[in-house]
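[1] when you get a sec, could you give me coordinates for this:
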Amino acid sequence: MSQSIDQSYLKEYSLQFTKRICSAYFDTKQHLVGEDIMQLTPSKQVNLMIIKSLFMAWQTELEALKGNPYFDYSDPEVEAVLQEFMNVLSRAIRIERSNFEPLLRQAVEDSITLAADPVEFLENELEYSAGLDLEVYFKGNKKYIKWHKALWEAFVQTTEKFTIPESLSMAFDELMDDYGKNLEPADQLLQPLQEVYPLEIERLFIRQREEKKEEIPVYRPLPELKIGSTSEVKTPVYEEAARSIRTENNVIDPALAWERFEQDEYGFVRGSVRRLSEDIGINQRFMFTRKLFSGNPELLNEALAKLDSSESFFDAVELLNQNFLPELQWDIDSEEVHEFLFLIFSKFEDKE
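    The predicted model follows:
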């Protein structure tokens, strides 16, 4: 059995938690002031998440300022003044209840996600930080993460090597393999929240059946080919005894591959692929990067750009045979290679 966070329950819990905290605090005060934040809730992590949200708001405003073409915000004197301004601003926090409630709700949701599903928390962080310098963002926010600290500190170090979200996601998955078994249980981390409003751990998760591989399928259909879907993209499963598309020289035979994909049984999974670099789904990108391109997303992007410039399916396969297959040592009969080729076929089938 696998499990994921029930978002509807998470949002309902954060709403009720926020109502109780805000009713108690704003019963006697009109504004929340900065010095009260660290004692606002029984959970230090939730309190730190509130400060993190305020820091994020400052970063967003600062990035907007830096977009002004008339001033050099990288000037050392300007940077020093901005830092001092931020320090002064942090001592002048003054928030009304209507503006504070969304901050607290988000802080509760983020804290619970961090405790229960660090991978999902990381994916959310990558969305929050879109357009920002990822190394600066994650190093700046490190001081606000107290749960799963060893895991998070190891991840922050990877931001010195990787600069794009896909690479950071894969690096985090590898770190989870190393640190995951030693993470403190979610129910222990979330115990302080129980003092404010009961959290039913068993309701926090949606349990899902693990899919069983079919024994004799030719192909398992893909939900979508186009990028933008967050649903899981399932790898196609081919018959073990299916005819190989490799040649005697251990390269891909474009004629055999074309014939294979042109068979009627593939018709129901065909989709429109105009540009591979744009139309491949995000989950497929992760899979191809890990399985076919040695964990190097830049190498995958290079291959997709060259494939998009190819004149035909046969030219595209020859490009793979000459420029990528020898170095990367693909198993030509693997499911990942066949799915990659099928997407290339989908791009060219109407042009041949």
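
[2] show me where pLDDT drops low in the stretch 251-352 of the chain?
    Applying pLDDT under 70 to the stretch 251-352 of the chain flags residues 263-272, 283, 350-352.

[3] hmm, 90 instead?
    The model of the stretch 251-352 of the chain has pLDDT under 90 over residues 251, 253-291, 293-298, 311, 313, 323, 325-352.

[4] hey, where'd the helices end up in it?
    Under the criterion DSSP state H, counting those that start in this stretch, the stretch 251-352 of the chain contains helices at 254-262, 276-279, 282-291, 297-308, 313-323, 325-328, 335-348.

[5] what's the answer for the stretch 1-150 of the chain, then?
    Counting by DSSP H, counting those that start in this stretch, the stretch 1-150 of the chain has helices at residues 7-25, 44-66, 76-90, 97-116, 118-128, 134-141, 149-158.

[6] please identify the most buried of the ones you listed.
    Neighbour counts (mean count of other Cβ atoms under 10 Å) averaged over each of these peak at helix 97-116, with a mean of 21. Using the backbone N, CA and C atoms, a C-beta is placed for each residue, glycine as well.

[7] neighbouring contacts of that helix?
    Residues outside helix 97-116 that contact it (Cβ atoms under 8 Å, 6 or more residues apart in numbering): 5, 10-11, 13-15, 17-18, 21-22, 26, 32, 40, 43, 45-47, 49-50, 52-54, 95, 120-121, 124, 145, 147-148, 186, 189-190, 193, 199, 204-205.

[8] using CSV, list the CA coordinates for it.
    Taking C-alpha atoms only, helix 97-116 is exported to CSV below (Å, rounded to 0.1, in the frame of the first residue of the first chain):
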residue,chain,number,x,y,z
ARG,A,97,-6.2,39.4,11.4
SER,A,98,-7.7,39.4,7.9
ASN,A,99,-4.2,39.5,6.4
PHE,A,100,-2.6,37.1,8.9
GLU,A,101,-5.1,34.2,8.7
PRO,A,102,-3.9,33.2,5.2
LEU,A,103,-0.3,33.2,6.4
LEU,A,104,-1.1,31.0,9.3
ARG,A,105,-3.2,28.6,7.3
GLN,A,106,-0.3,28.2,4.8
ALA,A,107,2.2,27.8,7.6
VAL,A,108,0.1,24.9,9.1
GLU,A,109,-0.3,23.2,5.7
ASP,A,110,3.4,23.5,4.9
SER,A,111,4.4,22.2,8.4
ILE,A,112,2.2,19.2,8.1
THR,A,113,3.4,18.4,4.6
LEU,A,114,7.0,18.7,5.7
ALA,A,115,6.4,16.3,8.6
ALA,A,116,4.3,13.7,6.6
